[in-house]
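Peer 1: Mind looking at a prediction? Sequence and model below.
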Amino acid sequence: MEIVKRPHVQNFIDWSADKPEVVVLTADLTNSSEVGKWRDTYPDRFFPMKMAEQNMMGFAAGMAREGFHPWIHTFAVFIYRRPFDQMAMSIAYPNLPVRFVAFLPGITTPGGVTHQAIEDLSVMRATPNMTIVETGDATEVESVLDVAHAVDGPVYIRMLRGEVPRLFPKDEPMRLDQVRVLSEGDDVTVFTAGITTEEAMRATAPLAAAGVGMTHIHVSTHKPFNDPLILESIRRARHGVVTLENHTIIGGLGSAVAEVMAENAIGKRLIRLGLKDTYAHGASRQYLMKEYGLDAPALVRGIEELLGRRTGVSEADLEAVRIEAVHSLAKAEAL
Amino acid sequence: MSEWHESVQSIADGIRRRVLEHVLANNGGYMSQACSSAEMFAMLYGRVMRLGESIAPLEPRRFHGVPGPGIPFMTGGDYNGPKGPEYDRFIFSPAHYALVLYATLIEVGRLAESGLDHFNEDGSTVEMIGAEHSPGVETTTGSLGQALSQAGGIALARKLRGDTGKVWVMMSDGEFQEGQTWEAIEQIARFELDNLRVIVDANGQQCDGCVDEVETADPLTNRIRAFGASAIESNGHELDALDEAMTMDTGKPHFVIARTDPVRGLPLFGDRAPLLHYLRFTSPEERDQYRAAYEEMVS
């Protein structure tokens, strides 16, 4: 698997070259949000707002009203937690074209509870006018810019940084409200997004070898959530549906799938894997994914529960875990 | 008294009169806000702000939906004239002063007299707490302390574009209790947004009663200066003092702390102190007293 180092850095610089309306606002996390080089390239379009996120939301709103496209770069938690009222009233209500590039989704950081955005999808899904997308690989990190740029209103982007795998071909960019079908089968349907897609992909071949037909759907748009393939994929699952998300199971992907199933009277089981109404703590991504059941083995167990039988797939059958170093030149600090 | 003094004072008197008229007719309203801020609104609209003619209908529009994708944008800012590089902009922070703003717009001919008939009426844009579809209102700031940051973004954008017009913000003193206000002051000072001017109604009043005197007296100007902006205190009812304070050039974002009397022009209301945030009559007798005060005001 190709691992791309810091795909956002140069891509965002190149993409911004012919878009003078694009400005960047940060809150003292410039390098940690991979826009240090962007700042040096476009100093006149870069605005350091210091550690003052509430004010940053208002400034972004004001600039957006005047025709600019502010791209706020910071950690996800500092977008939807601390300044929620400002984000909602100053930006979401007037439907302004502000883009939130939200780093450290879920348990992707050892920074602990204060840095782990585990309920951002719940909060943002409940925010009217908000479009929500999530990047799952380098191709999506690169192509999410065009997706967000085309939206008439605010966009929240769950962003990956550092060492990012390329799971999807470069010529198959992210498209708004379009899922990707990564495998097909009629026994179970699995929905993943962001970093959990890589986990499910590790389970695809062993499950197929064990005779389990799995439809695997990768979701990159959480809102809107209307792609007809979502419902079709749910309908074909003989034994039920599993969602695997880097987020609390309340209000995120699992809930979105549950809403589709309930509204369409699909009487099938749904197993929601993710953080089970709990906060997490500071530890490596791999450790936390195992501890909270967000990894490939957890998915296999979930599928076995739906099937009512063991598949025989063991942890050893699942591909070697890709270990991402906590200390890496691809990150500004160990967070 | 010069011609401009007469005209501005007449706007201020008209604001108080219209608001009291409304409070009498509806048995309630934000009266003290009109008493304290009438002169500053009159100065803004009658003297210092450079605005074009209103491009909005005199009769207020009906509410046609919240902003969203594909929904035509409706802004109450068009009552303040067209946006243009040379024009000033008005950003209204304490949205519960909406009645005062509407009365001002009527006084300066930007809103029909009958506009207030639609105040707080279902389906109307003349809402009790103004939002960005309400006459004269450009941003949604009913959650207090949010306007200054938005005005900062507008002022920054205008500076980047080379506009010569100013951005005026009207705030209330209670909003200096919000942390966001201080984040904003620090940032507008750091960005040297000298096209931004803020007038503060320091009436010493908030919902639960008196704003702490320590917060609103001279230390407020000192605190603003310490954050890097310019600040001056002024009598909020004396037109010459306001004129000087509002129009001085300091080369920095500039705050005028207008010290005001929340019962100015309606001394009877002082009996209610310290709870002056909202006036509702408790008996027919009390209402008659206020009606008598109104008769005196119009005579």
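Peer 2: Looks like it arrived, so ask away.

Peer 1: contacts, neighbours, all on C-alpha from now
Peer 2: Noted.

Peer 1: which strands and helices sit next to the one helix or strand residue A:64 maps to?
Peer 2: Using DSSP states H and E, the element containing residue A:64 is helix A:53-65. For helix A:53-65, the packing partners by 3 or more Cα pairs under 8 Å, 6 or more residues apart in numbering or on different chains; DSSP states H and E come out as strand A:22-26, strand A:69-75, helix A:84-86, helix B:147-161, helix B:179-190.

Peer 1: could I get these as a markdown table with mean neighbour count, distance to residue A:39 and mean pLDDT?
Peer 2: Converted to a markdown table, the helices and strands packed on helix A:53-65 look like this (neighbours: other Cα atoms under 10 Å in any protein chain shown; distance: least, Cα to Cα, whole Å; pLDDT from 0 to 100):
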| stretch | mean neighbour count | distance to residue A:39 | mean pLDDT |
| --- | --- | --- | --- |
| strand A:22-26 | 23 | 8 | 98 |
| strand A:69-75 | 25 | 12 | 98 |
| helix A:84-86 | 21 | 25 | 98 |
| helix B:147-161 | 25 | 17 | 98 |
| helix B:179-190 | 22 | 18 | 98 |
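
Peer 1: Of the ones you listed, which is nearest residue A:106?
Peer 2: strand A:69-75 (10.9 Å; Cα to Cα).

Peer 1: Could you list the residues in contact with that closest one?
Peer 2: The contact list for strand A:69-75, computed with Cα atoms under 8 Å, 6 or more residues apart in numbering or on different chains, reads A:21-27, A:29-30, A:32-33, A:35, A:60, A:63-64, A:97-104, A:115.

Peer 1: What is the burial count for residue B:79?
Peer 2: Other residues lying near residue B:79 total 25 when counted by other Cα atoms under 10 Å in any protein chain shown.

Peer 1: chain center to the longest strand along chain A, what's the gap?
Peer 2: Ranked by residue count, the top strand of chain A under DSSP state E comes out as strand A:240-248. Distance, stretch centre to chain centre, for strand A:240-248: 13 Å (Cα atoms, centre = their mean, to the nearest Å).

Peer 1: quick one, the helix holding residue A:64 and helix B:147-161 angle?
Peer 2: When axes from the mean of the first three to the mean of the last three Cα atoms, to 10 degrees is applied, the directions of helix A:53-65 and helix B:147-161 differ by 50 degrees.

Peer 1: got the CA positions of helix A:53-65 in CSV?
Peer 2: Extracted C-alpha coordinates of helix A:53-65, given in CSV (Å, rounded to 0.1, in the frame of the first residue of the first chain):
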residue,chain,number,x,y,z
GLU,A,53,-11.5,30.4,18.4
GLN,A,54,-14.7,32.2,19.2
ASN,A,55,-13.4,35.3,17.7
MET,A,56,-12.0,33.4,14.8
MET,A,57,-15.5,32.2,13.9
GLY,A,58,-16.8,35.7,13.8
PHE,A,59,-13.8,37.0,11.7
ALA,A,60,-14.3,34.1,9.2
ALA,A,61,-18.0,35.0,9.0
GLY,A,62,-17.3,38.6,8.4
MET,A,63,-14.8,37.8,5.7
ALA,A,64,-17.1,35.3,4.1
ARG,A,65,-19.9,38.0,3.9
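
Peer 1: any idea of the angle it forms with helix B:179-190?
Peer 2: Angle, helix A:53-65 to helix B:179-190, by the same axes, to 10 degrees: 60 degrees.

Peer 1: Quickly list what the residue nearest to the spatial centre of chain B is bridged to.
Peer 2: Centroid check for chain B by Cα atoms, centre = their mean gives residue B:170 as the closest residue, at 4.8 Å. Applying DSSP bridges to residue B:170 gives these bridge partners: residue B:92, residue B:199.

Peer 1: Let me know whether it touches residue B:91 as I believe.
Peer 2: Yes. With contact defined as Cα atoms under 8 Å, residue B:170 counts as touching residue B:91 (6.5 Å).

Peer 1: Can you give me the distance of the residue in chain B positioned nearest to chain A to residue A:59?
Peer 2: When you check chain B against chain A by Cα to the nearest Cα, the closest residue turns out to be residue B:153, at 3.8 Å. Here the criterion is Cα to Cα, to the nearest Å. By it, residue B:153 lies 4 Å from residue A:59.

Peer 1: what's the single longest helix in the chain?
Peer 2: Just so you know, I chose chain A. Secondary structure of chain A per DSSP state H: the longest helix is helix A:195-209.

Peer 1: ah, no, chain B please
Peer 2: helix B:3-26.

Peer 1: Mind giving me the packing neighbours of that one?
Peer 2: So helix B:3-26, by 3+ Cα pairs under 8 Å, 6+ apart, packs with helix B:31-43, helix B:98-107, helix B:284-298.

Peer 1: if we go to 7 Å?
Peer 2: Contact here means 3 or more Cα pairs under 7 Å, 6 or more residues apart in numbering or on different chains; DSSP states H and E; on that basis helix B:3-26 packs against helix B:31-43, helix B:98-107.
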